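A.B. asks: the sequence isn't on hand, but the structure is:
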């Protein structure tokens, strides 16, 4: 996905994120906003890109190229969403940039790519198998496109048509977007089990959690997070708990895990341990604020191998 200017974070409004809040269905469990234009401005872009683009996104990029859209030049912002557990469901989302719908449609037709119609939109598949989880996309206009599995894409289009409730009616997503907007070009919001699934790997590094993951599930309600790539890698997470005491208890759990130096992986241990040894953990009423960072050389080792933590 995306990252940060190497010099100064942009304060430009996240148009893609705002549009996503008014387009994503209200049952969305997690959203991630990425500013690809700012990522491409990084002097270390090629290295960072290898760290944070997963195989699904690379395949999607390959398909866009095959039908005449260059994501390296034409796509500036992407907002991804998951309606279920991100570990077990595919993403859907919105892309903002510069598109030529007629050219893409013609190229897709020449290649025999399946195209369906829904509510006045052409839904173009980038697979000929037409499985349930195949990714489709539709151009909303010459500057925005929606994509995702068929059910999710149709739900998004229903929201835009006014027949389904939008995510911006969920107060925590709206307030979280306002808080994170402009903080970095990659940030996300997750709730419920999605919040736990997002936070636990980063905050424990595979270490043993006193009380098990229930220590998170019973107290953690939301997580707001951002990733920065300014002179290395850094993360900040705000863990929103059910009350002040729950936040204190969770901070104590995290402090105990941090003290164990969790990584036993020979390749990633120096990076993981550096991340945890410098981790700052403090409470703010019912929130636990967590910050950590590592230098570029350790980040290269960390993201360049299959360690215990996920890529952002």
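C.D. replies: The structure has been received and is ready for your questions. In this text the structure is predicted, and so the values were computed from the model without any measurement. Residues are numbered from 1 along each chain as shown.
A.B. asks: any idea where the helices of this protein begin and end?
C.D. replies: 15-23, 36-40, 45-52, 55-66, 71-74, 101-110, 150-161, 171-180, 192-204, 214-217, 244-258, 269-277, 296-303 (DSSP state H).
A.B. asks: tell me which of the ones you listed sits nearest to residue 118.
C.D. replies: Checking the helices of the chain against residue 118 by CB to CB gives helix 150-161 as the closest, at 5.8 Å. Quick note: C-beta positions are derived from backbone N, CA and C, even for glycine.
A.B. asks: kindly reformat the helices of the chain as TSV containing distance to residue 229, mean neighbour count and mean pLDDT.
C.D. replies: Formatted as TSV, the helices of the chain follow (distance: least, CB to CB, whole Å; neighbours: other CB atoms under 10 Å; pLDDT from 0 to 100):
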stretch	distance to residue 229	mean neighbour count	mean pLDDT
helix 15-23	19	21	88
helix 36-40	8	21	84
helix 45-52	6	16	75
helix 55-66	17	14	72
helix 71-74	18	15	84
helix 101-110	31	15	85
helix 150-161	29	20	95
helix 171-180	16	17	95
helix 192-204	15	21	83
helix 214-217	27	17	67
helix 244-258	23	18	87
helix 269-277	14	20	73
helix 296-303	8	18	76
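A.B. asks: reformat these as TSV; add distance to residue 122.
C.D. replies: Below are the helices of the chain laid out as TSV (distance: least, CB to CB, whole Å):
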stretch	distance to residue 122
helix 15-23	18
helix 36-40	24
helix 45-52	30
helix 55-66	15
helix 71-74	18
helix 101-110	6
helix 150-161	11
helix 171-180	29
helix 192-204	31
helix 214-217	42
helix 244-258	47
helix 269-277	45
helix 296-303	37
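A.B. asks: out of the ones you listed, flag the one nearest residue 235.
C.D. replies: Of these, nearest to residue 235 by CB to CB is helix 192-204, at 6.5 Å.
A.B. asks: mind giving me the packing neighbours of that closest one?
C.D. replies: strand 30-35, strand 186-191, helix 214-217, strand 220-228, strand 233-241, helix 244-258 (3 or more CB pairs under 8 Å, 6 or more residues apart in numbering; DSSP states H and E).
A.B. asks: among these, which is nearest residue 285?
C.D. replies: Of all the helices and strands packed on helix 192-204, helix 244-258 comes closest under CB to CB, at 5.6 Å.
A.B. asks: and the angle for the closest one with strand 220-228?
C.D. replies: With axes from the mean of the first three to the mean of the last three CA atoms, to 10 degrees as the basis, helix 244-258 and strand 220-228 are set at 50 degrees to each other.
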